[in-house]
Each structure stands twice: as C-alpha cells, then as structure tokens.
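> following is a predicted model, sequence given first.
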Amino acid sequence: MSYLHWHPSILGPAFTQYSFLNYCDSLAVGCASAILLARKPGLVEWACKTHFLQSTPIAILLILTPYILCNFFIFGIITVPLGNAMQGWGFAILLLQSVISPERRFYRMLNWPWVCQIGILSYSIYIWQQIFCTKPETFGLGSVWWMSYPSWLLAVIVVAAISYYGLEKPMLKLRDRFRDFNRKPKLRPPTSDLRPPTSDLRPPTSDLRPPTSDIRHPTSDIRPPTSDLRPPTPSMSDTWPAVNLPILAYHYIDAPGIPVTSYSMPVRQFACQMEFLRSHGYRTLSFSELYEMLNAGRKPPPKSVIITFDDATKCFRELALPELVSRGLKATVFLVAAEIGGFNRWDSAHPVHGKFRRELMDEDDIREIVANRIELGVHGYAHRNFLKCTPDELLEEIFTARNELISRFSQPFDTLAYPYGRYRDSHYQLLQQAGYNGAVSTFSTHSSVTSQRYSISRISISDGDSLLRFRLKLSKLYLRYSAFRNRGSKAHER
C-alpha cells in the first residue's frame, strides 16, 4: 500500500483515497521493468547482478526515502509526484535481482511456502480486503478488532483462505468435471469400427474408396504391419490422469548475429533457459516415459518438463544439443519424413520465413542425436496442414510418414506433432490406427495438458520470452490459464 495512504495530512483524505496518482506510478514502473527485462536483459544483468552490492542499498533507499521525507512538509510535498515512483523502482530492482540471480536470498524468500500460499490466495485477498481495511464507521459500526490495523490483515487472510478452499476451488473442479463429461462422447472413437468417417476422409470418387470389407488402404506402404500398430484401446484416453506439466515447443536456435524470427531464438537465451531448468531441479521426460506413467495411472514427479523441437534442423544438432547434453537434459525432436537432409521447403512461399533457408538434419545427424538421449517423433510427411490435405495426402502425412521413419531409424515414433498445430477431432481415429500413442499441438482446447492423448497441449517458446516470462510458462497457473483461454475456441480447426 502506498505511503500516501498512511499520511493523509499531506494532501487530505480525498486525494489519498481516490487519486489515480496513487496507482498509475506503480503500473508504469511494472510495465517499464518488464520491457527492460525483455528488451535489454544485458543492461538488467549489469545493473542487478554485476553491481549487486551497489543496487541493493539504492533499492532500499528508494523504498524508505518517501517514508522519511513525508514527515517534513517542505520536503514531503516533493515526494507527492515522485514518492510512489521511487518506491516502485526500489521494489522493481529487488525483484529484477531475484530474476537475474535466483541463488540470492531474496529469491528464496519469495519461494517460501507461506509466501507462495499467499500468492495462491491473492485474488481472494483482493476481493475481500476492502471489507476489512475500510474504516468501521463506513458501515455504521463501532470500533471492532477485525477492522483495525494490523489485525485486519489476519482476518482477511483467514476469510480469503476459506473462500478459496471452501468455494472457489471446489467450484472450479466441478466445472472441469462437467466440461470433460460433456466432451467425452465427442472424443471417444467408436468401439465397433476404427475406420475414419467416410464423409470427412474419403473422396466421393469410387476409385479411391477401399473395399468395405477391408479397412486397409490399397497402397501397401501407407500402413505399417499389424504387429507394429499397437493401437491403444478406444477408452484408454479416458483412463489417463488429468496432468498439467509444461511441454515446451521450440523450432530454431540461432548463433549470435543471425536475425531473429518468430520461430527462432538466440543460443544464449536458450542456454539461460536450460540452465534455469537444471539449477532449479526440473526433470526432463521423454514422451515414452510420460505414456508409461499415465497408462499406469501415475502422475509425473513434481517439476517434470518435456522439451520438444519441430522440423529437425541442423541448428539443433550444432547449437541446442550441446546445451542439453552439458546439463543432462532430454528432448524430443519431430522429423519431417520427406525432408530428411533437405530444407524447410514448406516455408518457401511465406513472406518472412521463406527468406531464411533452414537446412535439416540428415540420417547421420539424426543417429548422432539419438545416441545423446534424444527421442524422435513424427512431424508429418511433407509438413502439410492437416486441414488442407486431400484424403490421400492425409493418409500419407499420418501413415506413410511413420512407416518410413520406423524403417530408416528403427525407433518407435509413437508421437506426432501436428504441422502448424492444426487438426480435427476426427483425425484421432486415424492416429489410433497408425499406432501413435499420442499427438501434440499448441492449439489444444482441453481442460488439462493430458486430457486427450491425441491433443496433448504444448507451450510455444520464442525469443520474446524473457526469463521471467519463461518461469511463468512453467507454472501450473499459466497452464490452467492457457487451457481456459483456448477452451471451446476451435483454434485447432482454423
């Protein structure tokens, strides 16, 4: 709370209660700090880490000065336009220090369990605090202990906890349960026939329609042998625990001096993110490990994360792989079957990405990364948008791609990453027939990351993600927000 609230003698009670000046400075400082961290991380590191001993007393001085000067009217009037900004920058410096140097004590203090608990209750506290911190006379009451400072602080925390755990949290669970219940009939494939719907995936011409007595496509190389399919039972997706773990989606890692696009990231920024995962005890999983846990009804350990890369470019082997190996981290790379050793041909017509030719890994490169604990997945046959594929192209993207990759690399290839993240719910049946255990998309519309095995949710990571934003994307709160934002949007079908 601003120091002006405690010293109404400076400008009077009306100003201290209603002036926008009390709040706009704090908002401006917060925005400016976020912009600095995102656009000038080197400057923030220089000020808050390299010169830590100098910046800390400056921050404390900025916080305390308005409290000291406001007792002297001549000097106190000066702090009216500047006091909140001074305090805001003081707290901002301390927070930036914790972001840049997580080993410092202040960062550990912010992660104390009781501090994190207050963070969980923060919205409930915001709702209830006005009742308790308002003067009792406003409600026609006499002096009561639970509306007097500082006892009202305890009262509002107790009421906020009761509100959250007794009302808000159960209602959120009830909402998710009913939404999942209403969605299940649409997602569960028919038990009697695993063939795709004729109207969606088969053209009307009779020469392309397979015989009704045989569900195999006429082209023999489109589907793997029956023994390799290992399709999950139609109801298996329903048995998965609802898990929210971050699955990070990267594309390209670039060396210094190369222009950054929306799909690329400087190697230094990627190294900082990987070091954060290592230093904070995160455990990287492969999708095969995730499937094994979920099929057994177990949830992944705390601080589990999956790192994924699309397209399998050479920059992954040259720049990203050393950063992963040096920290003992795993990752999954999704291959485009028809472009092994090729380039990002699918971007050729794009006005921006088409200007940057990305060389893709060849067979030797791929075998090298597999030897370094890198899991392989499928990213389609020619990186086509599933929503724009003809029936034959769709079968090629799903079946032929997996068959060819299995024969070339002798890996299971159990997971598919939808090109461009686009798909239809009707595609789940084809993925089951092809033998995939799961599929991922950045446009999943389900209530949790693993609610539907063929629409596992991923989080896009780009160069615009500062270390603070990266930390936020790892949190369960962000995953819940992302699921709530995408729910019912049908973004994956656009």
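Yep, it's here.

> now for T450: which residues touch it?
Each residue near T450 by C-beta atoms under 8 Å, 6 or more residues apart in numbering is listed here: 240-243, 245, 290, 294, 456. Quick note: C-beta positions are derived from backbone N, CA and C, even for glycine.

> that one belongs to a strand, doesn't it?
No - using DSSP: H, G, I helix; E, B strand; the rest coil, the assignment for T450 is coil, not a strand.

> flag the shaky bits of the stretch 51-200 of the chain, pLDDT-wise.
70-81, 102-104, 106-107, 111, 137-140, 149, 175-200 (pLDDT under 70).

> are any of the contacts of T450 buried, and which?
Among the contacts of T450, those buried by neighbour count (16 or more other C-beta atoms under 10 Å) are 240, 243, 245, 290, 294, 456.

> just the residues you listed: which has the poorest pLDDT?
Scanning the buried ones among the contacts of T450 for pLDDT, the smallest score is found at W240, 77.

> leaving out sequence neighbours, find the closest residue to it.
L294 (4.6 Å; C-beta to C-beta, 6 or more residues apart in numbering).

> which stretch of helix or strand covers I406?
Assigned by DSSP states H and E, I406 belongs to helix 401-409.

> same for that helix, what does it pack against?
Counting contacts by 3 or more C-beta pairs under 8 Å, 6 or more residues apart in numbering; DSSP states H and E, helix 401-409 packs against helix 363-370, strand 374-378.

> okay, the ones you listed in JSON lines with distance to Y126, mean neighbour count and mean pLDDT next?
Output for these, formatted as JSON lines (distance: least, C-beta to C-beta, whole Å; neighbours: other C-beta atoms under 10 Å; pLDDT from 0 to 100):
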{"stretch": "helix 363-370", "distance to Y126": "48", "mean neighbour count": "16", "mean pLDDT": "96"}
{"stretch": "strand 374-378", "distance to Y126": "42", "mean neighbour count": "25", "mean pLDDT": "97"}
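
> any idea which of these gets closest to A92?
strand 374-378 (39.6 Å; C-beta to C-beta).

> packing partners of the closest one?
Using 3+ C-beta pairs under 8 Å, 6+ apart: strand 374-378 touches helix 287-295, strand 331-335, helix 401-409, strand 415-417.

> what distance separates the second one from the centre of its chain?
Read that as strand 331-335. Distance of strand 331-335 from the chain centroid (C-alpha atoms, centre = their mean, to the nearest Å) equals 18 Å.

> returning to that earlier point: could I get the helices and strands packed on helix 401-409 as CSV with distance to L61?
Conversion of those to CSV gives the following (distance: least, C-beta to C-beta, whole Å):
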stretch, distance to L61
helix 363-370, 52
strand 374-378, 50
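
> so for R384, which of those sits nearest?
Closest among the helices and strands packed on helix 401-409, using C-beta to C-beta: strand 374-378, at 12.7 Å.

> the helix holding I406 versus strand 331-335: what angle between them?
110 degrees (axes from the mean of the first three to the mean of the last three C-alpha atoms, to 10 degrees).

> tell me what angle helix 401-409 forms with helix 363-370.
Going by the same axes, to 10 degrees, helix 401-409 makes 90 degrees with helix 363-370.

> who touches helix 401-409?
With C-beta under 8 Å, 6+ apart, helix 401-409 has contacts from 221-224, 228, 335-338, 340, 363, 366-367, 370, 376, 378-381, 411-413, 416, 434-436.

> at 6 Å what do you get?
224, 337, 378, 380-381, 413, 434 (C-beta atoms under 6 Å, 6 or more residues apart in numbering).

> which one of these is nearest to Y428?
For these, the nearest to Y428 is A434 (10.8 Å; C-beta to C-beta).

> how much space between that closest one and F287?
15 Å (C-beta to C-beta, to the nearest Å).

> got it, and A331?
11 Å.

> cool, Y423 as well?
If you go by C-beta to C-beta, the gap between Y423 and F287 works out to 17 Å.

> any idea of the angle the longest strand seen in the chain forms with strand 374-378?
Criterion DSSP state E: the longest strand present in the chain is strand 304-310. Strand 304-310 and strand 374-378 meet at an angle of 60 degrees, taking the same axes, to 10 degrees as the criterion.

> quick check: mean pLDDT across the next helix-or-strand element following strand 304-310?
Sequence order places helix 314-315 as the next helix or strand after strand 304-310, per DSSP H and E. For helix 314-315, mean pLDDT rounds to 95.

> next SSE downstream of helix 314-315?
That would be, after helix 314-315 and using DSSP H and E, helix 321-326.

> show residues contacting the top helix by length along the chain.
Secondary structure of the chain per DSSP state H: the longest helix is helix 79-100. Contact partners of helix 79-100, identified using C-beta under 6 Å, 6+ apart, comprise 2, 25-26, 29, 33, 44-45, 48-49, 55, 59, 62-63, 66, 69-70, 106-107, 467-468.

> how about stretch 336-344?
357-360, 362, 379, 381-383, 401, 404-405.

> at 8 Å instead, please
Residues beyond stretch 336-344 that count as contacts (C-beta under 8 Å, 6+ apart) turn out to be 311-313, 345-346, 353, 356-363, 366, 378-383, 400-402, 404-405, 408.

> are any of these buried, and which?
311-313, 345-346, 353, 356, 358, 360-361, 366, 378-383, 400-402, 404-405.

> any idea how far the residue lying closest to V29 once chain neighbours are set aside is from Y381?
Excluding the flanking residues, the one nearest V29 by C-beta to C-beta, 6+ apart is G88, at 3.4 Å. Relative to Y381, G88 is positioned 54 Å away (C-beta to C-beta).

> check F399 too.
Computed as C-beta to C-beta, the F399 to Y381 distance reads 9 Å.

> about what we covered before: state the mean pLDDT of the helix holding I406.
Helix 401-409 comes out at a mean pLDDT of 96.

> which residue ranges of this structure form strands?
With DSSP E as the criterion, the chain has strands at 247-250, 252-254, 264-266, 283-284, 304-310, 331-335, 374-378, 415-417, 438-441, 456-457, 459-460.

> for those, give me CSV that also has distance to Q97.
Formatted as CSV, those follow (distance: least, C-beta to C-beta, whole Å):
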stretch, distance to Q97
strand 247-250, 26
strand 252-254, 28
strand 264-266, 23
strand 283-284, 27
strand 304-310, 25
strand 331-335, 31
strand 374-378, 35
strand 415-417, 38
strand 438-441, 36
strand 456-457, 33
strand 459-460, 26
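
> do you know which of these lies nearest S448?
strand 456-457 (7.9 Å).

> hmm, who's touching the closest one?
By C-beta under 8 Å, 6+ apart, strand 456-457 touches 247, 438-442, 444, 446, 448-450, 479, 482-483, 486.

> neighbour-wise, which of these leads?
Using other C-beta atoms under 10 Å as the neighbour criterion, S444 leads the contacts of strand 456-457 with 28 neighbours.

> tell me if I'm right that that residue and S455 touch.
Yes - using C-beta atoms under 8 Å, S444 is in contact with S455, at 4.6 Å.

> for the closest residue to A382 other than its chain neighbours, give its distance to A296.
Sequence neighbours aside, A338 is the residue nearest to A382 in space, at 4.7 Å (criterion: C-beta to C-beta, 6+ apart). Distance of A338 to A296, given as C-beta to C-beta: 36 Å.

> more crowded one of the two?
A338 (17 against 9).

> more neighbours, A434 and F287?
A count of neighbours by other C-beta under 10 Å puts A434 above the other of A434 and F287, at 23 against 20.

> low-confidence ranges in the stretch 201-350 of the chain?
In the stretch 201-350 of the chain (pLDDT under 70), the answer is 201-239.

> one more time with 50, if that's ok
Scanning the stretch 201-350 of the chain with the threshold set as pLDDT under 50 gives 201-238.

> measure Q129 to S26 for me?
Q129 is 16 Å from S26, by C-beta to C-beta.
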